[in-house]
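# the sequence and its predicted three-dimensional model are supplied below.
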Amino acid sequence: MNIYVLLKKTFDTEEKIVVSNGQIEDDGAEFIINPYDEYAVEEAIKQRDAHGGEVTVVTVGDEDSEKQLRTALAMGADKAVLINTEDDLEEGDQFTTTKILEAFFEDKEVDLILAGNVAIDEASGQVGPRLAERLGMPYVTTITSLEIDGDTVNVEKDVEGDVEKVLTSLPLLVTCQQGLNDPRYPSLPGIMKAKKKPLEELEIDDLDLDEDELEPKTKTVDIFLPPEKEAGRVLEGEVEDQVKELVSLLKNESKVL
């Protein structure tokens, strides 16, 4: 099987993020594989081990994205591809990324493409479905189970806490949800092997794309952190008095009643 994983470098939201003049400061920020993409990498490895073939991880990003690709290789992926847009594009959006990936997959034989359900930085969840549409490929989002038997695929997907069962076929694109699996940690032997695994770097020109074709369709107006939480208040006295005070606070201060 020819299995591909769409991977994105994202900010580690567990670490402190600094926003200055409407931009996230890269200096000092920690970058990781988008957590939902880790489920995709793990599932790709499991399906390869069960059915044969190879796993290729692909990312559209800057030169520093090589670190996340090497991590995926250390987890067990076979090959990696970095489509470096650092020198060619000042900005982009989901349309831009999809257009680039469409050009990359144009001459590829694909059985299965896996991606994260969303990226934790922008959380649009659009790239996977958009790419599937452009490639004329069926897709299922937010999957929590994937069973392949020949060309037949049984999928379970999360539907707001419920489960929907889907019967489909290869080739197929899926986006992965928490609960699909438990992503492995790269082992020391895996890390050493990853250094020797192939990592191909491409640029926009290699895909016969023009910058004008990749102009984003959306614009980021502002970036800001949520307001800090204020300290809570403890109401004292008899229950009846507390209720009256609470109603007063909600009505006069919070203005929610």
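Looks like it came in fine. Residues are numbered from 1 along each chain as shown.

# counting by contacts, list what the lowest-mean-pLDDT helix or strand in the chain packs against.
Ranking every helix and strand in the chain by mean pLDDT, DSSP states H and E puts strand 23-24 at the bottom, with a mean of 72. In terms of contacts (3 or more C-beta pairs under 8 Å, 6 or more residues apart in numbering; DSSP states H and E), strand 23-24 is not packed against any helix or strand. All C-beta spots, glycine's among them, are computed from the backbone N, C-alpha and C.

# neighbouring strands - and their directions - for that strand?
Neighbouring strands of strand 23-24 in its sheet, by DSSP bridges, are strand 19-20 (antiparallel).

# what about Ser65, is that helix, strand or coil?
Classification of Ser65 using DSSP: H, G, I helix; E, B strand; the rest coil returns helix.

# check contacts around Ala80.
Thr56, Val57, Val58, Thr59, Leu69, Arg70, Ala72, Leu73, Lys197, Pro198, Leu199, Glu200 (C-beta atoms under 8 Å, 6 or more residues apart in numbering).

# any idea which element it lies in?
Assigned by DSSP states H and E, Ala80 belongs to strand 79-84.

# my guess is Ser145 is in a helix, correct?
No - counting by three-state DSSP, Ser145 is not found in a helix; it is strand.

# find me the pLDDT at the residue nearest to it when sequence neighbours are not counted, would you?
With sequence-adjacent residues excluded and distances taken as C-beta to C-beta, 6 or more residues apart in numbering, Ser145 is closest to Glu156, at 3.7 Å. As summarised for this prediction, Glu156 has a pLDDT of 97.

# now the very next helix or strand once past the least confident helix or strand of the chain: mean pLDDT?
Remark: after strand 23-24, the chain's next helix or strand is strand 31-33, criterion DSSP H and E. The average pLDDT for strand 31-33 rounds to 91.

# just to revisit the earlier point, for the strand holding Ala80, the distance to its chain's centre please.
In terms of C-alpha atoms, centre = their mean, to the nearest Å, the centre of strand 79-84 is set 16 Å apart from its chain centre.

# tell me the first helix or strand C-terminal of it.
helix 94-105.

# can you list the strands that the very next helix or strand once past that following helix pairs with?
Later in the chain than helix 94-105, the nearest helix or strand by DSSP H and E is strand 112-116. Paired strands of strand 112-116, with direction, are strand 2-6 (parallel), strand 172-176 (parallel) (DSSP bridges).

# quick check: angle from strand 112-116 to helix 94-105?
150 degrees (axes from the mean of the first three to the mean of the last three C-alpha atoms, to 10 degrees).

# in PDB, list the C-alpha atoms belonging to strand 112-116.
What follows is strand 112-116, C-alpha atoms only, in PDB (Å, rounded to 0.1, in the frame of the first residue of the first chain):
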ATOM      1  CA  LEU A 112      -4.500   5.900   1.600                       C
ATOM      2  CA  ILE A 113      -4.000   9.500   2.800                       C
ATOM      3  CA  LEU A 114      -4.300  10.200   6.500                       C
ATOM      4  CA  ALA A 115      -4.300  13.700   8.200                       C
ATOM      5  CA  GLY A 116      -5.200  15.100  11.500                       C
END
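
# and Ile204, what is it in contact with?
Counting by C-beta under 8 Å, 6+ apart, Ile204 has contacts Ile83, Thr85, Asp88, Leu89, Ile100, Glu211, Leu214.

# wouldn't the fifth one be in contact with Asn84 here?
Okay, so that is Ile100. No - counting by C-beta atoms under 8 Å, Ile100 does not reach Asn84; the two are 10.6 Å apart.

# the more surrounded of the two?
Ile100 (24 against 20; other C-beta atoms under 10 Å).

# how much space separates the more buried one from Val58?
Using C-beta to C-beta, to the nearest Å, we find Ile100 at a distance of 10 Å from Val58.

# joint contacts of those two?
Residues touching both Ile100 and Val58 (C-beta under 8 Å, 6+ apart): Ile83.
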